[in-house]
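Participant: could you work out the structure for the sequence below:
(one chain, ligands or ions: 2)
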Amino acid sequence: MFLRAGRAALSPLVRSLQPSPVAAMSTGTFVVSQPLNYRGGARVEPADASGTEKAFEPATGRVIATFTSAFKYGVKLHGALPNLLEGCRIIRDREDEIAAVECINNGKSIFEARLDIDTSWQCLEYYAGLAASMAGEHIQLPGGSFGYTRREPLGVCVGIGAWNYPFQIASWKSAPALACGNAMVFKPSPFTPVSALLLAEIYTEAGVPPGLFNVVQGGAATGQFLCQHHDVAKVSFTGSVPTGMKIMEMSAKGIKPVTLELGGKSPLIIFSDCDMNNAVKGALMANFLTQGQVCCNGTRVFVQKEILDKFTEEVVKQTQRIKIGDPLLEDTRMGPLINRPHLERVLGFVKVAKDGAHCGPSYSGGFILMFAANCRDDMTCVKEEIFGPVMSILSFDTEAEVLERANDTTFGLAAGVFTRDIQRAHRVVAELQAGTCFINNYNVSPVELPFGGYKKSGFGRENGRVTIEYYSQLKTVCVEMGDVESAF
Ligand SMILES: NC(=O)c1ccc[n+]([C@@H]2O[C@H](COP(=O)([O-])OP(=O)(O)OC[C@H]3O[C@@H](n4cnc5c(N)ncnc54)[C@H](O)[C@@H]3O)[C@@H](O)[C@H]2O)c1
Ligand SMILES: O=CCc1c[nH]c2ccc(O)cc12
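Facilitator: Ligands and ions are numbered 1, 2, ... in the order given. Purely as a prediction, here's the structure:
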């Protein structure tokens with residue numbers, strides 16, 4: 001199916017794993033038999049099951065879990081702040097196991113999966129620290145009266161995730177939600193239902209009260225049910241623009257705040273005065289993590305004409321060296337795409353691109369890797385989000401010209417610039433219409449920095465101090481120290 005024929009050898013990592021929730025973990029052997037819904041602090045087989053779905057291992061096409069879609073959830077608000085630091089410690093202890101599960105269910109390399117788990121525990125650690133410093137303001141008023149503000153939880157928050165960063169998305173949504181005193185019901189993508197359960201069990205082991213973090217499995221119908229539920233106070237969504245529009249519509253009917261982390265077609269601008277070595281590495285980072293299935297990827301690579309040939313030559317050379325194959329092997333850096341329909345969709349873009357651009361290299365059989373040089377702005381591969389390992393290279397002459405072209409999109413998630421000219425770097429990012437900009441790097445995600453989009457890429461932020469504002473509400477208290485001056 002999605003892997004070259006034959007069973008891969010057990011990687012040393014996998015051999016060392018204990019068979020805890022899964023029978024064994026190597027390519028072609030992993031199976032989950034436990035329930036994948038989580039309520040009241042335990043895995044449950046829901047009584048309200050609306051049907052079963054299957055989850056697959058992208059590398060082999062095998063079924064790894066059959067699970068029930070559900071609607072009900074069992075939330076309890078406790079008012080006590082959960083011990084996120086203990087959760088962080090357990091994730092670090094179990095990093096190899098969680099990364100293996102993520103790698104098997106998503107297809108990303110084990111090397112990358114570990115990095116995702118790192119930014120997950122870092123997120124818990126960060127919000128554990130912030131929780132203690134959450135505070136309002138004290139405001140003095142005439143006559144000794146005063147006011148103060150308090151940050152209060154919203155209540156039950158729903159998190160809906162995409163399949164490209166299953167554990168990380170669940171962590172980036174739940175850590176700030178719980179730190180602010182909310183409960184969360186998390187619905188993973190039905191393509192990657194497995195790892196959110198590990199997070200749920202870790203929270204329970206860390207002492208998070210039962211019912212504070214729940215996992216409900218299902219697709220669009222379950223997502224809609226959660227968004228429309230009158231007990232739900234907020235929805236944080238990561239996924240596509242069309243689904244984001246529906247989520248916003250549903251939330252508008254209940255006047256519920258939403259965070260939308262949606263798609264992108266981000267520009268990466270390489271000026272001729274860049275450090276070429278770093279710019280090439282940056283372009284690969286901007287395009288090929290998680291098989292290119294990353295929302296903020298810098299897929300429109302604008303290269304200044306003077307260095308276009310040299311840059312393209314280097315990108316091709318380094319792209320050809322990327323080790324593609326069994327994602328569980330230690331030296332693999334690129335695994336299979338999420339599933340066959342997605343592979344075919346991406347190959348459709350590649351086929352069209354080949355008519356207009358100079359393309360290469362590409363591989364078939366579940367694994368592909370592409371660049372398209374000499375692209376034009378009006379090409380489909382340059383305009384639409386492909387969500388696969390396809391980099392489009394475009395050339396430009398001047399700063400003003402590239403800025404206009406870079407901003408000529410309805411998306412606005414991310415952007416990057418490589419230059420040694422510090423004034424130019426800041427001038428250019430100030431003009432770029434994107435919520436997350438990188439100077440002389442790309443796709444690094446320190447949890448201290450807010451992440452999110454402009455324009456149709458969404459609004460609200462994840463990570464950073466500001467996210468507290470998206471998971472809490474501000475109460476103002478006005479305190480009179482004198483007598484009431486009545487108007488009547
Ligand atoms: N900006 C970001 O941070 C970010 C991160 C990851 C992925 N993405 C985007 O997500 C897309 C790929 O992910 P995907 O295919 O899982 O997206 P998707 O929109 O198809 O699905 C995302 C989630 O929404 C659920 N869903 C689908 N229809 C729904 C509905 N009507 N109501 C409620 N929930 C519904 C799905 O079951 C899934 O859990 C790409 O466009 C990518 O750019 C964005
Ligand atoms: O794929 C896009 C960016 C991204 C990477 N990890 C996460 C986690 C949570 C998100 O909402 C987005 C992302």
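
Participant: mind listing the strands for the stretch 51-200 of the chain?
Facilitator: Ranges of strands in the stretch 51-200 of the chain, per DSSP state E, counting those that start in this stretch, are 52-56, 63-68, 138-140, 146-153, 156-160, 183-187.

Participant: now mean pLDDT and mean neighbour count too, for those, in a markdown table please.
Facilitator: Any C-beta I mention is one placed from the backbone N, CA and C, and that applies to glycine too. Converted to a markdown table, the strands of the stretch 51-200 of the chain look like this (pLDDT from 0 to 100; neighbours: other Cβ atoms under 10 Å):
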| stretch | mean pLDDT | mean neighbour count |
| --- | --- | --- |
| strand 52-56 | 93 | 17 |
| strand 63-68 | 94 | 18 |
| strand 138-140 | 98 | 11 |
| strand 146-153 | 97 | 15 |
| strand 156-160 | 97 | 26 |
| strand 183-187 | 97 | 27 |
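
Participant: any idea which of the ones you listed gets closest to ligand 1?
Facilitator: Within the strands of the stretch 51-200 of the chain, the stretch nearest ligand 1 is strand 156-160; the backing value is 4.8 Å (Cβ to the nearest ligand atom).

Participant: distance from the closest one to the middle of the chain?
Facilitator: Centroid separation for strand 156-160 versus its chain: 15 Å, with Cα atoms, centre = their mean, to the nearest Å.

Participant: so what does it touch, helix or strand wise?
Facilitator: With contacts defined as 3 or more Cβ pairs under 8 Å, 6 or more residues apart in numbering; DSSP states H and E, strand 156-160 has these neighbours: helix 166-179, strand 183-187, helix 220-228, strand 232-238.

Participant: ok, it: who's next to it in the sheet?
Facilitator: strand 183-187 (parallel), strand 232-238 (parallel) (DSSP bridges).

Participant: looking at those strands, which is closest to ligand 2?
Facilitator: Nearest to ligand 2 among those is strand 232-238 (3.6 Å), distances taken as Cβ to the nearest ligand atom.

Participant: can you tell me which residues in the chain are near ligand 2?
Facilitator: Along the chain, the residues adjacent to ligand 2 under the rule Cβ under 6 Å from any ligand atom are 164-165, 168-169, 172, 238, 261, 294-296, 462.

Participant: out of those, who's nearest A434?
Facilitator: The shortest approach to A434 among the residues of the chain next to ligand 2 belongs to C296, at 8.8 Å (Cβ to Cβ).

Participant: my read is that the closest one contacts N443, right?
Facilitator: Yes - taking contacts as Cβ atoms under 8 Å, C296 lies within contact range of N443: 6.7 Å.

Participant: between the helices and strands packed on strand 156-160, which one is closest to S33.
Facilitator: Using Cβ to Cβ as the criterion, the shortest distance between S33 and the helices and strands packed on strand 156-160 is 19.0 Å, found for helix 166-179.

Participant: test my guess that I322 contacts D331.
Facilitator: No - if you go by Cβ under 8 Å, I322 and D331 don't touch, sitting 10.7 Å apart.

Participant: over to F438. Which of the three states is it?
Facilitator: For F438, the secondary structure call by DSSP: H, G, I helix; E, B strand; the rest coil comes out as strand.

Participant: between C296 and N443, tell me which one has more neighbours.
Facilitator: Under the neighbour definition other Cβ atoms under 10 Å, C296 and N443 were set side by side, and C296 has more, 27 against 22.

Participant: list the contacts of R461.
Facilitator: With contacts taken as Cβ atoms under 8 Å, 6 or more residues apart in numbering, R461 has the following neighbours: 259, 435, 450-452, 467, 470.

Participant: same deal with V346?
Facilitator: V346 is in contact with 292, 337, 368, 386-390, counting by Cβ under 8 Å, 6+ apart.

Participant: swap in 10 Å and give it another go.
Facilitator: By Cβ atoms under 10 Å, 6 or more residues apart in numbering, the contact list for V346 reads 291-293, 337-338, 368, 370, 386-390.

Participant: quick check: it vs Q34, distance?
Facilitator: According to Cβ to Cβ, to the nearest Å, V346 and Q34 sit 33 Å apart.

Participant: equivalent analysis for S457, please.
Facilitator: 36 Å.

Participant: out of these two, which sits in the more crowded spot?
Facilitator: Neighbours per residue, other Cβ under 10 Å: of S457 and Q34, the larger number sits with S457, 29 against 13.

Participant: tell me the confidence at the nearest residue to that one once chain neighbours are set aside?
Facilitator: On the basis of Cβ to Cβ, 6 or more residues apart in numbering, the spatially nearest residue to S457 that is not a chain neighbour turns out to be L413, at 3.7 Å. What the model reports for L413 is a pLDDT of 98.

Participant: what about L413, neighbour count?
Facilitator: Applying other Cβ under 10 Å, we find 28 residues neighbouring L413.

Participant: same question for G143.
Facilitator: With neighbours defined by other Cβ under 10 Å, the count for G143 comes to 11.

Participant: show me the contacts for the spatially closest residue to it that is not a sequence neighbour.
Facilitator: Closest residue to G143 apart from its sequence neighbours, by Cβ to Cβ, 6+ apart: G482 at 5.1 Å. By Cβ under 10 Å, 6+ apart, the contact list for G482 reads 142-145.

Participant: just A196 next, same as before
Facilitator: By Cβ under 10 Å, 6+ apart, the contact set of A196 is 36, 38, 159, 161, 166-167, 169-171, 174, 186-189, 213-217.

Participant: quick check: the farthest pair among the contacts of G482?
Facilitator: The most distant members of the contacts of G482, if one measures by Cβ to Cβ, are P142 and G144, lying 8.0 Å apart.

Participant: quick check: buried residues in stretch 275-285?
Facilitator: Neighbour counts using 16 or more other Cβ atoms under 10 Å place 278-285 of stretch 275-285 among the buried residues.

Participant: wait, is S392 part of a strand?
Facilitator: Yes - with the criterion set as three-state DSSP, the secondary structure at S392 is a strand.

Participant: burial count for it?
Facilitator: For S392, the count of nearby residues is 27 (other Cβ under 10 Å).

Participant: and it, how far from ligand 2?
Facilitator: 18 Å (Cβ to the nearest ligand atom, to the nearest Å).

Participant: which residues touch the closest residue to N164 other than its chain neighbours?
Facilitator: Sequence neighbours aside, Q293 is the residue nearest to N164 in space, at 4.6 Å (criterion: Cβ to Cβ, 6+ apart). For Q293, the residues meeting the contact criterion (Cβ under 10 Å, 6+ apart) are 106-108, 162-165, 337-338, 342, 346, 386-389.

Participant: for the closest residue to ligand 2 within the stretch 251-400 of the chain, give me the pLDDT.
Facilitator: Taking Cβ to the nearest ligand atom, ligand 2 has its nearest neighbour within the stretch 251-400 of the chain at C295, 3.3 Å off. At C295, the predicted lDDT confidence score is 98.

Participant: could you do K72 as well?
Facilitator: Reading off the per-residue confidence, K72 sits at a pLDDT of 73.

Participant: can you check S33 too?
Facilitator: Among the per-residue scores, S33 holds a pLDDT of 92.

Participant: and for the one 3 residues further on?
Facilitator: According to the prediction, L36 has pLDDT 96.
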